[in-house]
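A.B. asks: sharing a model prediction with you, sequence too.
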Amino acid sequence: MVHQTYIADVLVVGGGTGGTAAAIQAARRGAKTILVSEFPWLGGMLTSAGVSVPDGNELESFQTGLWGAFLQELRQRQPGGLDNSWVSFFSYDPRIGAEIFADWVQELPNLHWISGQVPLEVFRQGDLITGVRFADFAVTAKIILDGTELGDLLALADIPYRWGWELQSEWEEPSAPVTFNSLTQKYPVQAPTYVVIMQDFGEAVAPEIPAAPNYNPSQFTGAWDGYGAETFLNYGRLPGSLFMMNWPICGNDYGEGVGRLIESDVSRGEFIQESRWHSQNFAHFIQKQLGRRYGLAEKVFPHTSTAFALHPYYRESRRLVGLTTVREQDILPIAKGRVASIFNDAFALGVCEAIAVGNYANDHHYPGVQFPLQPKSIRWGGRWTGTPFTIPYSCLIPATTDGFLVCEKNISVSHIANGATRLQPMVMGIGQAAGMAAAICVELNCQPRDLPIRKLQTALLEDNRSKALIIPLFNLPPNRSDWQHWQLYYLDNPQAYPVSGDCPESAFGKPLILESNCFKGIFYRLEQQEYRFTVTAPAEYQGQNWQLVTLRSHIDEQLRAYPHEQLVTLWGRYNHSGNWLLVEHLNGG
């Protein structure tokens with residue numbers, strides 16, 4: 001029974017990465033906003049799902065918007081810094097991430113957050129979505145956003161969505177299968193992972209991790225072969241002797257009967273329970289193999305089993321059928337280029353609809369299966385990164401429904417391209433754009449499909465708290481004085497967007513990261529984008545050999561030009577897990 005009905009400008013259902021960003025941005029814009037979440041932590045993948053070692057948008061120029069602000073807060077709040085793992089440049093205690101989002105929400109008097117609730121029914125009048133019912137209250141709003149982990153509002157509202165694979169004949173995606181097969185049947189979507197946090201107890205003996213039902217050690221045999229135990233553990237190392245276990249090789253990805261996630265509440269619960277057992281069994285296997293020094297972490301997540309995330313890390317959702325759909329060719333590099341097109345066949349001819357940027361490599365998870373994909377990785381800054389690409393506004397809008405936007409992994413995207421659009425910073429950018437769009441729709445009293453795209457883009461570029469990147473340019477950090485000029489220039493002249501991803505001017509702003517140490521040593525060029533450094537000073541590191549990497553464009557230029565086997569003085573931060581020096585300043589001699 002509905003005991004109360006709230007009225008809002010904007011309702012966001014789901015407190016995940018995209019939903020949290022959407023609610024914060026809508027409220028900051030001035031809209032009366034209600035955010036309803038299932039879990040007591042906000043942030044989804046970045047916090048409650050335990051993926052506090054996020055991938056993508058790591059380069060300095062891509063650290064903008066709420067994503068950039070989140071990183072800035074983490075740098076200030078995380079004791080010991082963010083250089084802990086080798087899979088990411090940012091690893092942190094998920095409790096601190098949850099605190100940041102809670103603080104951001106708390107400071108907004110026009111944002112009402114209700115936790116512990118899931119949507120039960122969607123209200124609509126014809127093609128207009130008007131509200132959502134929960135267990136004992138309802139909310140009506142002018143614009144409603146689906147920020148759920150699995151696109152639950154799409155199903156409740158009978159809004160057309162996709163689930164599973166598309167064949168090559170659908171959009172001519174080069175990596176799509178020609179016919180449905182055993183893989184597409186077994187894994188209709190990518191496998192989720194139930195993240196578990198383990199702890200190094202040092203000299204103490206960790207409590208024994210019991211095996212869960214269905215324990216089969218052969219599933220995990222060889223998990224760290226070719227890496228070694230220490231490198232394996234350092235993959236997702238967190239501060240405070242913690243390890244995030246989200247390991248794809250004979251690890252805790254779980255996809256058995258993954259279609260159950262959208263069949264019924266009961267079948268979803270069964271899948272979630274099995275995936276959690278699978279992660280417990282992986283932790284049990286690790287402890288059996290590596291010893292009782294390693295156990296389940298204590299007091300991390302706010303429920304009884306404190307080492308286990310609040311919910312699985314879902315890599316794929318129901319996916320909206322939108323006005324346009326992001327396909328694989330929309331995320332791949334253009335001919336002889338390092339970037340994807342900012343407008344192409346899927347978008348309006350000659351119009352750049354970009355509202356968010358991602359750069360992650362296309363990465364699919366099917367346990368026990370290596371699925372080939374068209375490469376979109378590039379060498380940059382002494383390491384591998386991904387081809388930058390953009391998300392168009394129209395893939396957030398249902399083809400035939402009004403009053404509604406999506407803001408999570410549930411955008412209108414193909415199954416293939418979802419492997420790159422699903423990453424945490426990308427989803428955070430999508431959420432920020434969706435929240436901004438919803439607030440402006442309220443201001444203009446218009447539907448999302450009628451919102452002038454340039455008004456949304458300008459609002460994102462000019463936001464007084466967290467201005468957000470729209471056009472990806474490697475050499476345009478957000479603190480440069482001409483940042484907005486070049487963003488607007490390429491929005492006005494998308495045909496001039498450079499295939500190199502570099503704008504003509506190469507001046508750079510002051511460093512965004514200031515906590516650096518000085519090192520001296522010999523510079524070695526192994527490949528065009530692979531550098532080694534033999535330390536001569538300080539004495540504690542003398543003789544060690546490190547990889548040199550950078551997230552800064554002008555340092556990338558200097559490294560590419562630096563003479564082989566020359567003495568060099570560097571300022572940066574050493575990452576033990578990755579055995580690299582993150583270079584922030586470079587002088588010769």
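C.D. replies: It's in.
A.B. asks: centre-most residue in the chain?
C.D. replies: Q424 (1.2 Å; CA atoms, centre = their mean).
A.B. asks: wait, that residue sits on A49?
C.D. replies: No: when contacts are counted by CB atoms under 8 Å, Q424 is not listed as touching A49 (9.3 Å). Just so you know, the C-beta spots here come from the backbone N, C-alpha and C atoms, and that holds for glycine as well.
A.B. asks: let's see the helix or strand containing I96 as CSV, backbone CA atoms only.
C.D. replies: According to DSSP states H and E, I96 maps onto helix 94-106. The C-alpha trace of helix 94-106 is given here as CSV (Å, rounded to 0.1, in the frame of the first residue of the first chain):
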residue,chain,number,x,y,z
PRO,A,94,35.6,1.5,-1.0
ARG,A,95,34.5,3.0,2.4
ILE,A,96,36.1,6.3,1.5
GLY,A,97,34.5,6.3,-2.0
ALA,A,98,31.1,5.8,-0.3
GLU,A,99,31.8,8.6,2.1
ILE,A,100,32.5,11.0,-0.7
PHE,A,101,29.2,10.3,-2.5
ALA,A,102,27.3,10.5,0.8
ASP,A,103,28.9,13.9,1.6
TRP,A,104,28.1,15.3,-1.9
VAL,A,105,24.4,14.3,-1.5
GLN,A,106,24.2,15.6,2.1
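A.B. asks: got any ranges where this protein has weak pLDDT?
C.D. replies: 1-2, 344-350, 505-515, 588-589 (pLDDT under 70).
A.B. asks: M244 in helix, strand or coil?
C.D. replies: Secondary structure, DSSP: H, G, I helix; E, B strand; the rest coil: M244 is strand.
A.B. asks: is it bridged to anything, and to what?
C.D. replies: M244 has these beta-bridge partners by DSSP bridges: I197.
A.B. asks: counting neighbours, what do you get for D127?
C.D. replies: 13 (other CB atoms under 10 Å).
A.B. asks: now do A26
C.D. replies: Neighbours around A26, by other CB under 10 Å: 36.
A.B. asks: so which elements touch the helix or strand harbouring it?
C.D. replies: Following DSSP H and E, the helix or strand that holds A26 is helix 17-29. Where contact means 3 or more CB pairs under 8 Å, 6 or more residues apart in numbering; DSSP states H and E, helix 17-29 is packed against strand 4-13, strand 33-37, helix 65-77, helix 94-106, strand 111-115, helix 424-444.
A.B. asks: for G337, see how far away the residue lying closest to E316 once chain neighbours are set aside is.
C.D. replies: Closest residue to E316 apart from its sequence neighbours, by CB to CB, 6 or more residues apart in numbering: V189 at 3.9 Å. From V189 over to G337 the distance is 30 Å, taken as CB to CB, to the nearest Å.
A.B. asks: ok, and for the helix or strand encompassing I555, which residues are buried?
C.D. replies: Using DSSP H and E, I555 sits in helix 553-561. Using 16 or more other CB atoms under 10 Å as the test for burial, helix 553-561 gives S553, H554, I555, D556, E557, Q558, L559.
A.B. asks: so what's the residue nearest to the centre of the chain closest to, chain neighbours aside?
C.D. replies: Q424 sits nearest to P54 (CB to CB, 6+ apart), 4.0 Å away.
A.B. asks: sec struct for L548, please.
C.D. replies: Going by three-state DSSP: L548 is strand.
A.B. asks: can you pull the contacts of the closest residue to it other than its chain neighbours?
C.D. replies: The shortest distance from L548 to any non-neighbouring residue, by CB to CB, 6+ apart, is to Y531 (4.0 Å). Counting by CB atoms under 8 Å, 6 or more residues apart in numbering, Y531 touches G382, F523, Y524, R525, Q547, L548, V549, L559.
A.B. asks: what count of nearby residues applies to the spatially closest residue to the fifth one that is not a sequence neighbour?
C.D. replies: Of all residues beyond its chain neighbours, the one nearest Q547 is W580 (4.1 Å), with distances taken as CB to CB, 6+ apart. One way to gauge burial is a neighbour count; for W580, by other CB under 10 Å, it gives 24.
A.B. asks: distance-wise, check W580 relative to F474.
C.D. replies: 19 Å.
A.B. asks: now do I286 against V369, distance only.
C.D. replies: I286 is 23 Å from V369, by CB to CB.
A.B. asks: just A191 next, same as before
C.D. replies: Using CB to CB, which is the criterion applied here, A191 is 10 Å from V369.
A.B. asks: overlap of the contact sets of these two?
C.D. replies: Counting by CB under 8 Å, 6+ apart, nothing touches both A191 and V369.
A.B. asks: those two: who's more crowded?
C.D. replies: Counted by other CB under 10 Å, A191 and V369 do not tie: A191 has more neighbours, with 24 against 13.
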